[in-house]
Structures are given as structure tokens and as C-alpha cells.
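Chemist: return a 3D structure for these sequence lines:
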Amino acid sequence: MTRQGLIKIKARALRGKVWFKALSRVERGIIDLTIRCVEKIRSHRLEKTLFNIINKILKTLEPEFSEKAEKIGHEIARKICSLAMEWGNLNASTWMYDLNFVRFLGVNALNGMSIISDGGNVN
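Modeler: Now for the predicted structure:
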């Protein structure tokens with residue numbers, strides 16, 4: 001997740017008039033500070049927090065967008081799990097059932113930041 005992705009999501013929330021309705025002052029502050037201070041998110045804790053806030057926006061903004069993100073995310077998660085299992089990670093089979101992971105992949109793909117290319121190679 002990058003600054004540009006957060007900017008796109010914030011703009012979408014503002015256009016959809018859910019920025020102030022769906023989010024608390026603290027949640028808006030977390031996104032705004034992350035946009036100002038971080039180019040690429042490396043902290044797993046911050047990434048998880050942002051992902052929960054983004055899910056809240058998406059669920060309020062457009063239920064069909066959330067469903068689309070999950071559908072695409074499941075396809076990408078399947079590819080990632082298959083690849084990780086080929087590399088010997090036996091726990092990778094459980095990743096497909098982690099809804100947060102699936103949504104994260106789907107939102108990134110819809111924002112033009114696809115993790116897996118058509119050839120199955122990690123970018």
C-alpha cells in the first residue's frame with residue numbers, strides 16, 4: 001500500500017460523501033498523517049489499521065466495489081498461495097481464507113497495483 005493508493009481512496013470517499021459520515025476524527029487523522037508522512041507503508045500494524053479503515057470506507061461507499069475487490073482478491077490469493085506452496089510454504093493454503101488478505105489484494109489490484117502478473121510471477 002502506498003501514498004498514492006491512500007490518496008485515491010480518500011478522494012473516492014470525499015466524492016462519495018462518506019469521508020465524514022463513515023469515519024471518526026481519529027480514523028481520518030490516521031489516513032491524513034499517513035499520506036503526509038509515509039511514501040510506502042512498511043509497518044504491519046499501520047497497514048492492518050489502514051486496511052480496516054479502508055474496508056469501512058468501501059463498505060459504506062459502494063457495496064459492489066467491495067464485492068468486486070473480494071472476487072479479484074480471491075483469484076490473486078489463489079495464485080499467490082499456489083506459488084508459495086510450490087516454494088515449500090505449507091501454511092500458504094490458509095491464506096486464501098483470510099478475508100483481510102483477500103480484500104487487501106483486491107483493492108490493490110483495482111487501484112492498479114497488481115501484485116501478481118498474468119505469468120504468475122511476483123512483481
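Chemist: could you list the domains of the chain?
Modeler: Following automatic domain parsing, one gets these domains for the chain: 3-61, 65-110.
Chemist: in CSV, list these along with mean pLDDT.
Modeler: As requested, the domains of the chain are arranged in CSV below (pLDDT from 0 to 100):
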stretch, mean pLDDT
domain 3-61, 91
domain 65-110, 89
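Chemist: can I get the ones you listed in TSV with mean neighbour count?
Modeler: Yep, even glycine has a C-beta here, placed from its N, CA and C like the rest. Conversion of these to TSV gives the following (neighbours: other Cβ atoms under 10 Å):
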stretch	mean neighbour count
domain 3-61	15
domain 65-110	16
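Chemist: and Glu70, backbone torsions?
Modeler: Summarising the backbone geometry of Glu70 under the convention degrees, to the nearest 10, its torsions are phi -70, psi -40.
Chemist: so what's it up against?
Modeler: Glu70 makes contact with Leu99, Val102, Arg103, Gly106 under the criterion Cβ atoms under 8 Å, 6 or more residues apart in numbering.
Chemist: redo those residues as JSON lines? Include distance to Ile76 and secondary structure.
Modeler: Converted to JSON lines, the contacts of Glu70 look like this (distance: Cβ to Cβ, whole Å; DSSP: H, G, I helix; E, B strand; the rest coil):
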{"residue": "Leu99", "distance to Ile76": "14", "secondary structure": "helix"}
{"residue": "Val102", "distance to Ile76": "8", "secondary structure": "helix"}
{"residue": "Arg103", "distance to Ile76": "11", "secondary structure": "helix"}
{"residue": "Gly106", "distance to Ile76": "7", "secondary structure": "helix"}
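Chemist: out of these, which comes closest to Arg28?
Modeler: Arg103 (20.3 Å; Cβ to Cβ).
Chemist: any idea how far Lys79 is from that closest one?
Modeler: Relative to Lys79, Arg103 is positioned 16 Å away (Cβ to Cβ, to the nearest Å).
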